[in-house]
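1. this one's sequence-less:
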Ligand code: FNR
């Protein structure tokens, strides 16, 4: 019985390095995990008023996360924080009050940046919300991917073997983390 993992990507652009890394992580994951990207770009801004009669996008997103056994975040850093679109998805999943879809699902975060700092700020700000939402986050290895623009060729193929080896190790560790629950 494979564990289902919802993968949330914090960038919407077509050529996103984060999406490319997310696809690599999915490819490199061990057989015990079944990963699927859950799209977040069409979620209306969270609004408690419209949530009185929740739009289909909210319902669908919540159901997809609910059906997952774990959550893997792959996110850029925007102004030393996470992109608004990812925070919005986290907020949508956390409501209505008392019906959060996040609680107890083993999580992990990989931050991907063109900067050598590797999205450290976004990585840890995401962890702050996950403490409150009771998502047990994998601690080690930490996933900071810097210099993202140097890792892929024009066809989007990962050309850095050290990064591939690291991403493989990361997914092996995450599978162990998920299977320990
Ligand atoms: C950025 N970028 C960025 N990078 C970083 O390391 N720290 C930061 O605080 C920011 N801030 C920031 C704000 C905004 C609004 C944008 C659009 C970008 C650069 C970022 O790392 C780069 O655009 C990545 O390529 C974004 O990831 P994707 O879209 O390639 O997945």
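-> Thanks, I have the structure now. Owing to the predicted nature of the structure, the values given are computational and were not obtained by experimental measurement.

2. and the pLDDT for the residue nearest the centre of the chain?
-> By C-alpha atoms, centre = their mean, the chain has its centre lying nearest to residue 73, at 1.2 Å. Per-residue pLDDT puts residue 73 at 99.

3. give the buried residues for the helix or strand hosting residue 177.
-> Using DSSP states H and E, the element containing residue 177 is helix 161-179. For helix 161-179, burial by neighbour count (16 or more other C-beta atoms under 10 Å) applies to 163, 166-168, 170-175, 177-178. C-beta: built from backbone N, CA, C; applies to glycine.

4. on that earlier part again, I'd guess the residue nearest to the centre of the chain is in a helix, am I close?
-> No - secondary structure of residue 73 (DSSP: H, G, I helix; E, B strand; the rest coil): strand, not part of a helix.

5. what ranges does this structure have for its strands?
-> Assigned by DSSP state E, the strands in the chain fall at 3-9, 33-37, 70-75, 107-112, 143-145.

6. just so I know, which of those strands lies nearest the ligand?
-> The ligand lies closest to strand 107-112 among those, at 5.9 Å (C-beta to the nearest ligand atom).

7. state the mean pLDDT of the closest one.
-> For strand 107-112, mean pLDDT is 98.

8. other SSEs contacting that strand?
-> The helices and strands touching strand 107-112, judged by 3 or more C-beta pairs under 8 Å, 6 or more residues apart in numbering; DSSP states H and E, are helix 17-28, strand 70-75, helix 120-132, strand 143-145, helix 161-179.

9. got the angle for that strand vs helix 120-132?
-> Angle, strand 107-112 to helix 120-132, by axes from the mean of the first three to the mean of the last three C-alpha atoms, to 10 degrees: 170 degrees.

10. contact residues of this protein facing the ligand?
-> Residues of the chain lying near the ligand by C-beta under 6 Å from any ligand atom: 11, 13, 16-18, 76-80, 112-115, 117, 119, 148.

11. give me the buried subset of those.
-> Buried among the residues of the chain next to the ligand (16+ other C-beta under 10 Å): 11, 16-18, 76-78, 112-114, 119, 148.

12. dump the strands of the chain into CSV; add distance to residue 93 as well.
-> Formatted as CSV, the strands of the chain follow (distance: least, C-beta to C-beta, whole Å):
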stretch, distance to residue 93
strand 3-9, 9
strand 33-37, 15
strand 70-75, 9
strand 107-112, 12
strand 143-145, 21
